[in-house]
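A.B. asks: Quick one: sequence plus predicted model below, questions after.
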Amino acid sequence: MLIRRLILITASLLGLWLFWVMLQPAPSRLPPSTPLANGSWRVTEHQITALQVFHLQARVLAREDYRFDRGAQLSPTDLALGWGPMADPEVLRHISISQRNRWYFWHAEQLPIERRQIETHSANMHLIPATPEVANTLAQLEAGQQISLSGLLVRVEGDDGYRWVSSLSREDSGDGACELIWVERLSLIP
């Protein structure tokens, strides 16, 4: 009976610790990057290749931090971002936003704008902070804030065969439509 009680106590404490870990903001520590001759660079066991310059001013619709999936080694946070009509608080009042498993979801009982406008003016973006300053700013962002970010859309190739590639279009939606961004500058817009 004592062994069973110890096992239950240990399991409960482990569960509480895991719950506490999940509530903590994403870590702001970054591994160093090493430039390569071909315009790519290495971060830990990954080669990162620039695909396109990227700049956006947007409203943070939601954020989700990751610690345990494969992408969390480089991109600890996803932001669901909205611009144009999807940055308008009156429009957003009618849309519920959520994120999970590196996806962004929206739902509206009645569409406040056309569906295609929602699809082309919002996206889930996987952010790779390029500097400790960017990582610290990213860790503090909250839904509702307006931001300016710039950097590079990238392709990531892991030494273990892992591959993660950014979308290069704002016209796509669904699987593969997210931007994977090497974020060089990130700031709040007052």
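C.D. replies: Thanks, I have it. Residues are numbered from 1 along each chain as shown.
A.B. asks: roughly how far is the longest strand along the chain from the heart of the chain?
C.D. replies: Ranked by number of residues, the top strand in the chain under DSSP state E is strand 46-65. Put simply, strand 46-65 sits 8 Å off its chain's centre (Cα atoms, centre = their mean, to the nearest Å).
A.B. asks: Tell me which stretches of this protein form strands.
C.D. replies: Using DSSP E, the strands of the chain run over 33-35, 40-43, 46-65, 77-82, 96-100, 103-107, 122-129, 146-158, 163-165, 179-188.
A.B. asks: The fourth one pairs with which strands?
C.D. replies: Read that as strand 77-82. Strands that pair with strand 77-82, judged by DSSP bridges, come out as strand 46-65 (antiparallel), strand 122-129 (antiparallel).
A.B. asks: Output the lowest mean pLDDT helix or strand found in this protein.
C.D. replies: In the chain, no helix or strand scores lower on mean pLDDT, DSSP states H and E than helix 2-23, which sits at a mean of 55.
A.B. asks: sorry, back to before: of the strands paired with strand 77-82, which is nearest D175?
C.D. replies: strand 122-129 (11.3 Å; Cβ to Cβ). All C-beta atoms are positioned from the backbone trio N, CA, C, and that covers glycine.
A.B. asks: Grab the most central residue of this protein for me.
C.D. replies: Geometric centre of the chain, nearest residue: D78, 1.3 Å, by Cα atoms, centre = their mean.
A.B. asks: if you skip the residues just before and after it, what's nearest to that residue?
C.D. replies: In space, D78 comes closest to E64 once its chain neighbours are excluded; the distance is 4.9 Å by Cβ to Cβ, 6 or more residues apart in numbering.
A.B. asks: What's the local residue count around the one you found?
C.D. replies: Look at E64: counted by other Cβ atoms under 10 Å, it has 18 neighbours.
A.B. asks: from what I can see it touches F105, true?
C.D. replies: No: using Cβ atoms under 8 Å as the test, E64 is too far from F105 to be in contact (10.9 Å).
A.B. asks: Common neighbours of the two, please.
C.D. replies: Common contact partners of E64 and F105 (Cβ atoms under 8 Å, 6 or more residues apart in numbering): Q99.
A.B. asks: For this structure, give me the ranges with low pLDDT.
C.D. replies: 4-37 (pLDDT under 70).
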